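Peer 1: coordinates only, sequence not included:
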């Protein structure tokens, strides 16, 4: 049985650690901690994985992600914890660069919708253990470009495009829940997992330890936790013990 994993989030905007509310860039909260300090803190509390997102890249504000912060995180984490990294990865060169820097896997979101050939090439080149599909949805439909652009694609239809190419892992976020600490959308996440037979990591809405227990009880493989950790609602160590 695959162990349940708690993924502490390190969201980066202009090289600083932030959290957004429902993905809105004008509702960001800056935390006075350096990316490497956040990584060190979570690793010391028992993190096996770090979930790192470059919001500048996700919003399309920069052609190249700000890799300095990622380098700092990797300098702390390599050999101690694995890093999954996403945000603005829309070329094979960039995906290759992130993986060569030491990230264990990358999260492809917008390109999974808008550039299916890239997603397929990435899966075939690097394998399903290193390529994760990020699905961010609002009102049952996928959104892209930092969640600002609507699509007419459902999460299950998007994921189905890539199963034959080896897709194994999805990170699913209910945008309405993200950063709100109002509870995880377990029903939608479970429906996606059960409908496809894939590992679907829950993201968005964790506010209490009970939220984490419910994700685990649903048989999902893991959960991303962000704002609640930074606001000290509980420790990562407590979350891992759930």
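Peer 2: Structure received. Being a predicted model, the structure only gives us computed values, none of them experimental.
Peer 1: burial count for residue 187?
Peer 2: Residue 187 is flanked by 10 other residues according to other C-beta atoms under 10 Å. In short, each C-beta sits where N, CA and C put it, glycine included.
Peer 1: So residue 125 is in contact with residue 99, correct?
Peer 2: No: counting by C-beta atoms under 8 Å, residue 125 sits too far from residue 99 to count as a contact (9.8 Å).
Peer 1: Show the backbone phi and psi for residue 141.
Peer 2: Residue 141 adopts backbone torsions of phi -120, psi 150, taken as degrees, to the nearest 10.
Peer 1: I should have written residue 225 there, sorry.
Peer 2: Residue torsions, per degrees, to the nearest 10, at residue 225 are phi -130, psi 130.
Peer 1: Dig out what it forms beta bridges with.
Peer 2: Beta-bridge partners for residue 225, by DSSP bridges, are residue 8.
Peer 1: what's near enough to touch it?
Peer 2: 6, 7, 8, 9, 206, 212, 236, 239 (C-beta atoms under 8 Å, 6 or more residues apart in numbering).
Peer 1: 10 Å - rerun?
Peer 2: 6-9, 42, 51, 184, 202-207, 209, 211-212, 215, 233-234, 236, 239 (C-beta atoms under 10 Å, 6 or more residues apart in numbering).
Peer 1: how close does it sit to residue 170?
Peer 2: Distance, residue 225 to residue 170, using C-beta to C-beta, to the nearest Å: 17 Å.
Peer 1: Equivalent analysis for residue 205, please.
Peer 2: Relative to residue 170, and taking C-beta to C-beta, residue 205 is found at 17 Å.
Peer 1: hey, where'd the strands end up in the protein?
Peer 2: Assigned strands in the chain, in chain order: 5-13, 16-21, 24-30, 49-54, 82-86, 105-108, 131-138, 141-144, 149-150, 169-174, 199-203, 222-225 (criterion: DSSP state E).
Peer 1: May I ask which helix or strand of this protein has the lowest mean pLDDT?
Peer 2: strand 24-30 (a mean of 54; mean pLDDT, DSSP states H and E).
Peer 1: Can you get me a residue count around residue 217?
Peer 2: 11.
Peer 1: Look up how far residue 210 lies from it.
Peer 2: When distance is defined by C-beta to C-beta, residue 217 is 10 Å away from residue 210.
Peer 1: Identify the contacts common to the two.
Peer 2: By C-beta under 10 Å, 6+ apart, the residues touching both residue 217 and residue 210 are residue 242.
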